[in-house]
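Q: A structural model of the following input is requested.
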Amino acid sequence: MAGPAALLASISHQLGGLRTLRLLQGAGPWGDEAAAQGLPHCPGHAAQTQTPGAGGSWHSPGGPAAQPGPAKPGTLREAALRSKLVRVVGAAAQLVEAEQTLLLPLLQERSFPVHLKDSIEFRNICSRMALQKEGQQFDRDLHEAHQCLKTIIEKLIYSLAVFPSESYIPVRSALRQILQNLLAI
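A: Numbering: from 1, shown residues only. Coordinates of the predicted model:
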């Protein structure tokens, strides 16, 4: 699939996944952590603070209500999950921004393949994460979301690699930087 319509559809699915991840991130301690790291945060959404429950499980919207207020000390595993979620949210937001501001104008010049299936998969993984109540499945889904973002970026870089035009250099550079940040997770 190629052209602006394909990229817009892809961005739409990625935005759906990003909104879900931001809701999981919540407005409580996770949101404060995101703000401290300079990552995007969506304060306009309903505040759904994620806190670990019994047995290290994560409560989804519709699960037991989280207590607002200061973060309670958690396990190292929980801190790592929070950190990974914050970084995946940041990478997804950067990718959507790069697609909207850099890739869409390039598609006016010349079409290139856009792999819509990967963006749909990202959105679906994020939706599945919102429904999880068991910690291990949430961990796997977060890892899958991370891998899916990596795949989307790698395919975009590959699609752009065949164009020698100088106008594609900043786009490839921006995508490589987002990929490098994502690989550091």
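Q: Which residues are in contact with the residue nearest to residue 108 when sequence neighbours are not counted?
A: Of all residues not flanking residue 108 in the chain, residue 4 sits nearest, at 7.1 Å (C-beta to C-beta, 6 or more residues apart in numbering). Just so you know, the C-beta spots here come from the backbone N, C-alpha and C atoms, and that holds for glycine as well. The contact partners of residue 4, by C-beta atoms under 8 Å, 6 or more residues apart in numbering, come to 104, 107-108.
Q: for residue 6, same thing?
A: Here residue 6 is in contact with 114, 116 (C-beta under 8 Å, 6+ apart).
Q: Could you check the pLDDT of it?
A: In this model, residue 6 is scored at 91, pLDDT.
Q: you'd agree it is in a helix?
A: Yes: when DSSP: H, G, I helix; E, B strand; the rest coil is applied, residue 6 is found to be in a helix.
Q: Okay, it and residue 110: tell me how far apart.
A: Separation of residue 6 from residue 110 (C-beta to C-beta, to the nearest Å): 13 Å.
Q: Give the other helices and strands that the longest helix along the chain contacts.
A: In the chain, with assignment by DSSP state H, the single longest helix is helix 135-161. With contacts defined as 3 or more C-beta pairs under 8 Å, 6 or more residues apart in numbering; DSSP states H and E, helix 135-161 has these neighbours: helix 4-25, helix 76-98, helix 116-130, helix 169-183.
Q: tell me how far the very next helix or strand once past the second one is from the chain's mean position?
A: In this case it means helix 76-98. Going down the chain from helix 76-98, the next helix or strand is helix 104-109, by DSSP states H and E. Here the centre of helix 104-109 is set off from its chain's centre by 24 Å, with C-alpha atoms, centre = their mean, to the nearest Å.
Q: Can we start the residue count at 143 from this point?
A: Taking 143 as the first residue, the last one we looked at is helix 246-251.
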